[in-house]
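S.K.: Predicted model, plus sequence, below.
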Amino acid sequence: MTSMTSVRRLLRGGKEIAALQALSGDAGLIVLREERAGDIAAREALLNEAFGAARFAKTSEILRSGRAPARGLSLTATCNNQLVGTVRLWHVAAERGRGLLLLGPLAVADSHRTFGIGGMLMREAIARAKARGHKAILLVGDEPYYQRFGFAAALTNTLDLPGPVDRARFLGLELEDSALCDVRGMIRPTGVLLNQRVRQDERELLAA
Ligand SMILES: CC(C)(COP(=O)(O)OP(=O)(O)OC[C@H]1O[C@@H](n2cnc3c(N)ncnc32)[C@H](O)[C@@H]1OP(=O)(O)O)[C@@H](O)C(=O)NCCC(=O)NCCS
């Protein structure tokens, strides 16, 4: 089991990076940073290992499929430059609900679990979402794990998802007081469509 001595915040290449020094020789130096294009293959392998093919059948996937994640809110944890953790946040909305995010998937490599990496990813994702002015975060997951970050099933009573869900696992976290109070109805995806993102990138390239 690892104990951790310090959490440092570094500025590297203009981007804020949270680095966590773990004492254990197994864990090494864990660095948290924004996800990069070069992480995609390792991230896919990690998600396949963590969830198997069932990951594509999840109701949350309906809200993520074909959409880009929220900018600046996809995080990667690395250990000795190897990807060992991932979390993403996605734009969603509901009736009277703007500034909502959906969190997931969150996964840590089996070899690196219980070192605090999942918690580090969660706290950093929540802090960044709050700093960007988002009002609340929703997710589907185990309340016994996510309640330590403030998530509760009681906050999603008035909300629905576009697919089957165990309501005890449909959780919310308010980043602003009472942010989920009046929000109701079906959650829908509002992130940039991936084909639009490609067209936008092409326009930016042509304009450059
Ligand atoms: C859930 C997960 C991300 C946690 O990552 P991690 O780096 O091990 O998390 P942390 O080190 O911050 O926390 C570990 C603690 O959470 C507990 N925990 C992990 N999964 C849990 C769960 N589903 N329910 C309750 N507690 C859980 C561990 O037992 C451990 O408890 P301890 O602190 O008393 O020893 C990781 O176990 C994982 O990737 N699991 C497979 C994918 C998954 O289930 N993702 C979540 C989707 S709902």
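M.R.: Arrived safely. Numbering: from 1, shown residues only.
S.K.: Need the nearest residue in space to the residue of the chain found nearest the ligand, chain neighbours excluded.
M.R.: Taking Cβ to the nearest ligand atom, the ligand has its nearest neighbour within the chain at G118, 2.5 Å off. C-beta coordinates here come from the backbone N, C-alpha and C atoms, glycine included. Distances taken as Cβ to Cβ, 6 or more residues apart in numbering place V108 nearest to G118, at 4.9 Å, with adjacent residues excluded.
S.K.: now do R167
M.R.: Counting by Cβ to Cβ, 6+ apart, A153 is the residue found nearest to R167 once chain neighbours are left out, at 6.5 Å.
S.K.: thought that neighbour was touching D166?
M.R.: No. With contact defined as Cβ atoms under 8 Å, A153 does not count as touching D166 (9.4 Å).
S.K.: still on that earlier bit, I'd guessed the residue nearest to G118 sits against G85; true?
M.R.: Yes. Applying Cβ under 8 Å as the test, V108 and G85 come out as touching, 4.4 Å apart.
S.K.: So what's the gap between stretch 114-123 and the chain middle?
M.R.: The gap between where stretch 114-123 is centred and where its chain is centred comes out at 12 Å by Cα atoms, centre = their mean, to the nearest Å.
S.K.: Show me what the longest strand that the chain contains packs onto, helices and strands only.
M.R.: Using DSSP state E, we find that the single longest strand of the chain is strand 82-95. Here strand 82-95 touches helix 40-51, helix 59-64, strand 74-79, strand 97-103, strand 107-108, helix 117-131, strand 184-189, going by 3 or more Cβ pairs under 8 Å, 6 or more residues apart in numbering; DSSP states H and E.
S.K.: any idea which of the ones you listed scores lowest on pLDDT?
M.R.: Set side by side, the helices and strands packed on strand 82-95 give their lowest mean pLDDT on strand 97-103, at a mean of 93.
S.K.: Next, the buried residues of that strand.
M.R.: Residues of strand 97-103 classed as buried: G97, G99, L100, L101, L102, L103 (neighbour count, 16 or more other Cβ atoms under 10 Å).
S.K.: who touches the nearest residue to the second one once chain neighbours are set aside in this structure?
M.R.: It stands for G99. Excluding the flanking residues, the one nearest G99 by Cβ to Cβ, 6+ apart is K135, at 3.8 Å. For K135, the contacting residues are G97, R98, G99, L100, E174, L175, E176, A179, L180, by Cβ atoms under 8 Å, 6 or more residues apart in numbering.
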